[in-house]
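Student: fold the following.
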Amino acid sequence: MLITLMILLGLFIALLAIPVWVSYTVSWHRILRADATVQWAFGLVNVKIPGRVENPKIKKGRQGRSKNSRGTILIAVRQTAFRRRILRFSRDLWRALRKQDVNLKIRLGLGDPADTGQLWAVCGPLAGALASAPDVATTIEPDFLDQTLELDSSGQVRVIPLQVLYLIAALMLSPSVWRGVRQMRVAR
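Tutor: Below is the predicted model of the structure:
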């Protein structure tokens, strides 16, 4: 019985070590269009995810989490160790994803040149940092005249599920994350 369980566990781990390729295209010009193809086991499993076309509906009014729950999340983010661990996880996850021919183009504007300028004061340095990333060709453009948000992205990403599970497990077992979660619970 134990040998059977060990063989099944070894087989499961071996299956998780096989890379998954995701090819995608996303376009948002007032209408969202998205297509994706997922390949696993070196092309043995090939699944095309049909593109959904929809008009994004923007609801007026208050949405999302309450002000109190946002405050509790900020308590964890204010902790230096928690913030460093989350940034390290993000960096490790970014490196774990093998990107190929990934292009990202964003065009944004708020309709008022002054407001768009203030937004660009934040997004401009981010655009410069992303443009120097070796794995992704990124372009972020401001539109000072019109209120717009347009997105075009395409590419291929290779993911090894076992590697991602390892990174998530390391994050969940990190003492700094648990301290942050504890502080959020105390703040409630």
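Student: mind listing what the residue lying closest to residue 40 once chain neighbours are set aside touches?
Tutor: Once flanking residues are discounted, residue 40 sits nearest to residue 20: 5.0 Å by C-beta to C-beta, 6 or more residues apart in numbering. Any C-beta I mention is one placed from the backbone N, CA and C, and that applies to glycine too. Listed by C-beta atoms under 8 Å, 6 or more residues apart in numbering, the contact partners of residue 20 are 38, 39, 40, 158, 159, 160, 161.
Student: what about those residues, which are in helices?
Tutor: Among these, the members found in helices (DSSP state H) are residue 161.
Student: what's the PyMOL syntax to select whichever of the contacts of residue 20 are buried?
Tutor: Selection command for PyMOL covering only the buried members of the contacts of residue 20, criterion 16 or more other C-beta atoms under 10 Å:
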select buried, resi 39+40+159+160
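Student: can I get the contacts of residue 20 in TSV including pLDDT and distance to residue 147?
Tutor: TSV is the format used below for the contacts of residue 20 (pLDDT from 0 to 100; distance: C-beta to C-beta, whole Å):
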residue	pLDDT	distance to residue 147
38	95	35
39	96	39
40	93	41
158	95	37
159	95	36
160	96	41
161	96	40
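Student: among the contacts of residue 20, which ones are in strands?
Tutor: Judged by DSSP state E, the contacts of residue 20 include 38, 39, 40, 158, 159 as members of strands.
Student: got JSON lines for those, with distance to residue 145 too?
Tutor: Compiled in JSON lines, the ones in strands among the contacts of residue 20 are given as follows (distance: C-beta to C-beta, whole Å):
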{"residue": "38", "distance to residue 145": "40"}
{"residue": "39", "distance to residue 145": "42"}
{"residue": "40", "distance to residue 145": "45"}
{"residue": "158", "distance to residue 145": "40"}
{"residue": "159", "distance to residue 145": "40"}
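Student: tell me what the strand or helix carrying residue 9 is packed against?
Tutor: Counting by DSSP states H and E, the element that carries residue 9 is helix 2-16. Counting contacts by 3 or more C-beta pairs under 8 Å, 6 or more residues apart in numbering; DSSP states H and E, helix 2-16 is packed against helix 161-172.
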